[in-house]
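[1] Starting from these lines, generate the structure:
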Amino acid sequence: MTPNIRPATLDDVESIQAIYAHHVTHGTGTFETEAPTYEAMRGRFMAISGRGYPFLVATMDDTVVGYGYAGPFRERRAYQYTVEDSIYLHPDQRGRGFGRKLLAELISAATTAGFKQMIALIGDSDNRASIRLHANAGFASTGTMHRVGYKFDRWLDVVIMQRELGES
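    Numbers count the residues shown, from 1 in each chain. Prediction:
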């Protein structure tokens, strides 16, 4: 089955928060160590979508099974055409191609919005699924920051990947 990809709404924030909370408490793709509350996630959603950045959800039978957004890479004005992507799937939905479809739609939405570069900062160099997902979507590895995060009693790397969007 193929998920439906659409812009996220406030009604999706509860599902988004639950998916992200799982990744915070069980994974190394994010270096957050405490899951944000619903209110905090609502604030993040409003801050990103309210500034015109794409924020999408993947749904199956009207149930959110994943989400992705492209937010500011850095706040300085010189970075205004560069975004950083984040993709998270419900743990029961990984390995089904939903991330690939979500990332493709996110790239398209960011390109349409006029952004020129997309950066992926992938938590944990052992996160092979995310590295492969981004590589298959045309991202190139631009480096690794070694041992910059500490979670679950171990040091973690961050893999940096980049993709050009549209014409620069």
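[2] For the rest of this, base every contact and every neighbour count on C-alpha atoms.
    Will do.
[3] quick one, phi/psi of residue 164?
    Dihedral pair for residue 164: phi -80, psi 140, per degrees, to the nearest 10.
[4] So it versus residue 109, what's the distance?
    13 Å (Cα to Cα, to the nearest Å).
[5] With residue 20 instead?
    Taking Cα to Cα, one finds residue 20 at 22 Å from residue 109.
[6] Looking at those two, which is more packed in?
    Legend: neighbour count by other Cα atoms under 10 Å for residue 20 and residue 109, higher for residue 20 (24 against 19).
[7] Please name every helix or strand in contact with the strand or helix carrying that one.
    Using DSSP states H and E, residue 20 falls within helix 13-26. Judged by 3 or more Cα pairs under 8 Å, 6 or more residues apart in numbering; DSSP states H and E, the packing partners of helix 13-26 are helix 38-49, strand 63-72, strand 82-89.
[8] Serialize these to CSV and add fields for mean pLDDT and mean neighbour count.
    Below are the helices and strands packed on helix 13-26 laid out as CSV (pLDDT from 0 to 100; neighbours: other Cα atoms under 10 Å):
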stretch, mean pLDDT, mean neighbour count
helix 38-49, 97, 16
strand 63-72, 97, 23
strand 82-89, 97, 22
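[9] Adding distance to residue 138, write the ones you listed out as JSON lines.
    Formatted as JSON lines, the helices and strands packed on helix 13-26 follow (distance: least, Cα to Cα, whole Å):
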{"stretch": "helix 38-49", "distance to residue 138": "24"}
{"stretch": "strand 63-72", "distance to residue 138": "16"}
{"stretch": "strand 82-89", "distance to residue 138": "13"}
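[10] which one of these lies closest to residue 154?
    The closest of the helices and strands packed on helix 13-26 to residue 154 is strand 82-89. By Cα to Cα, the value is 22.0 Å.
[11] Mind listing the strands that closest one pairs with, and their directions?
    strand 63-72 (antiparallel), strand 117-123 (parallel) (DSSP bridges).
[12] Adding distance to residue 99, write those out as JSON lines.
    JSON lines is the format used below for those (distance: least, Cα to Cα, whole Å):
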{"stretch": "strand 63-72", "distance to residue 99": "8"}
{"stretch": "strand 117-123", "distance to residue 99": "14"}
